[in-house]
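1. Next comes the sequence, and after it the predicted model I'd like to discuss.
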Amino acid sequence: MPQARSEQVSVDATPYYHVISRCVRQAFLCGEDRLTGQCFDHRKGWLVERMKTLASVFAIDICAYAVMSNHFHLVVRLAPERIDAWDDEQLLKRVKVLFKTQAAAIAALPAKPRREALRAWRERLGDLSWFMRTLNEWIARRANREDGCTGRFWEGRFSSQALLDEGALLACMSYVDLNPVRAGIAETLEDSPFTSIQERLSAAGGAAAAARAARGEANRGRANRGRASRGRASRGPSSGPRADDSPAVGALAPLRGDPGAQRGAARERALPLSLPDYVALLEEVGSAIRDDKPGRLGPNAASTLQRLGLDPDTFVTELRGFGHGFFRLVGATDRLELEKQRLGRQQIKGVRAAQRLYASACAA
């Protein structure tokens with residue numbers, strides 16, 4: 001039985017969600033069409049640009065993304081509390097980015113109807129369904145205009161997974177950022193096109209490359225080519241309306257220790273690991289996946305996982321099947337149990353996967 005979106009997405013349960021949209025019939029409408037030989041890779045750039053524009057409008061942060069040929073992944077954080085800091089003029093500017101005609105109509109309303117209309121938009125600009133609607137509909141219309149056709153571009157509404165704790169967040173971000181490696185279309189993180197990890201490495205520039213070289217893990221030639229390619233392929237727009245405490249257009253949610261994430265609201269929103277630790281973990285896991293090895297992780301990666309309650313001995317294996325082991329909820333068994341009670345369910349999928357992924361935490 002389908003689950004209502006209001007049950008699937010609840011900020012009270014968690015602000016973090018993993019969302020997926022797939023092209024109709026899983027056709028390669030954002031890649032190379034195997035039947036016609038046409039290449040639609042440029043549409044991946046459309047997706048990245050549009051999601052960044054929307055992140056500057058909505059009270060939603062992008063934690064990770066990966067745009068593939070027939071689907072895309074997003075890990076987002078909902079922050080509806082930020083909307084309270086926006087006055088009516090700021091709110092209207094944000095609406096104008098999405099719907100110019102509606103914004104003009106709202107601005108022309110008398111005071112009371114205007115307040116009512118803006119109240120509705122305050123709810124929408126913190127809503128995941130509205131974010132995905134304005135992302136997917138815009139892409140579908142643009143692609144259909146390019147193809148000179150009408151009809152569905154996406155197979156249906158997006159699917160979502162609630163990430164109930166920091167361990168689930170790290171596992172899901174790793175799963176998303178390693179999509180090209182897992183699919184066999186990229187060898188390294190720098191060569192993984194249209195992913196958030198490639199963007200983070202590009203933004204970090206020489207400092208990140210130097211740190212990785214010192215650990216003996218950097219491949220300078222590939223890193224330089226990957227950064228140059230990423231800069232051309234999926235750089236977002238450079239300006240847009242935003243409140244003082246919201247991310248700039250093109251910015252990902254900061255990791256701990258990132259410049260600009262050292263104080264205030266930005267520090268509170270920083271994700272629970274540093275870029276060097278995250279990159280080191282992804283490289284080890286990616287190497288195990290690429291070489292089809294069981295994936296015994298080194299002490300640094302193991303320490304990162306253990307700090308978030310994950311089992312380093314099972315992490316690689318569970319990550320390979322992350323999309324199948326869990327369903328709507330991802331988290332440790334105690335968090336799954338709480339959500340089962342909140343939703344009034346007798347059973348909930350993902351308990352066995354959680355017991356494996358969080359085995360060390362459960363054993364403790």
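-> Noted; the coordinates are in hand. Predicted model only: the values in this text are computed from it and were never measured.

2. low pLDDT regions in the stretch 251-364 of the chain?
-> Within the stretch 251-364 of the chain, the segments meeting pLDDT under 70 span 260-268, 295, 359-364.

3. Okay, buried residues for the host helix or strand of Met132 please.
-> Element membership for Met132 (DSSP states H and E) is helix 128-147. Using 16 or more other C-beta atoms under 10 Å as the test for burial, helix 128-147 gives Leu128, Ser129, Trp130, Phe131, Met132, Thr134, Leu135, Asn136, Trp138, Ile139, Ala140, Ala143. The C-beta positions use only the backbone N, C-alpha and C, and glycine is treated the same way.

4. isn't the fourth one right next to Arg77, touching?
-> So the one you mean is Phe131. No: the pair Phe131 / Arg77 is not scored as a contact, 11.5 Å apart, by C-beta atoms under 8 Å.

5. Just name whatever secondary elements the helix holding Met132 is in contact with.
-> Helix 128-147 is packed against strand 16-22, helix 42-57, strand 71-78, with contacts defined by 3 or more C-beta pairs under 8 Å, 6 or more residues apart in numbering; DSSP states H and E.

6. neighbouring contacts of stretch 321-337?
-> For stretch 321-337, contacts defined as C-beta atoms under 8 Å, 6 or more residues apart in numbering pick out 3, 8, 14, 18, 160-165, 167-168, 171-172, 175, 309, 318, 339, 348-358, 361-362.

7. Stretch 86-106 too?
-> Residues from elsewhere that reach stretch 86-106 (C-beta under 8 Å, 6+ apart): 53-54, 56-58, 83, 107, 114-115, 117-118, 121-122, 125, 134, 240-241, 243.

8. still on that earlier bit, for the following helix or strand past the helix holding Met132, name the packing helices and strands.
-> Where DSSP H and E defines the elements, the next helix or strand beyond helix 128-147 is strand 159-163. Counting contacts by 3+ C-beta pairs under 8 Å, 6+ apart, strand 159-163 is packed against helix 5-8, strand 16-22, helix 166-177, strand 329-330.

9. ranking these by burial, who's on top?
-> With neighbours taken as mean count of other C-beta atoms under 10 Å, the helices and strands packed on strand 159-163 reach their highest mean count in strand 329-330, at a mean of 26.

10. Direction included, what does it pair against?
-> Pairing partners of strand 329-330, with direction, according to DSSP bridges: strand 159-163 (parallel).

11. now the contacts of stretch 86-106: which count as buried?
-> Neighbour counting by 16+ other C-beta under 10 Å classes 53-54, 56-58, 83, 114, 117-118, 121-122, 125, 134, 240-241, 243 among the contacts of stretch 86-106 as buried.

12. ok so, going back, which outside residues touch the helix holding Met132?
-> So helix 128-147 is contacted by 5, 9, 17, 19, 21, 29, 40, 43, 46-47, 50-51, 54, 58, 60, 76, 78, 98, 124, 150-154, 157-158, 160 (C-beta under 8 Å, 6+ apart).
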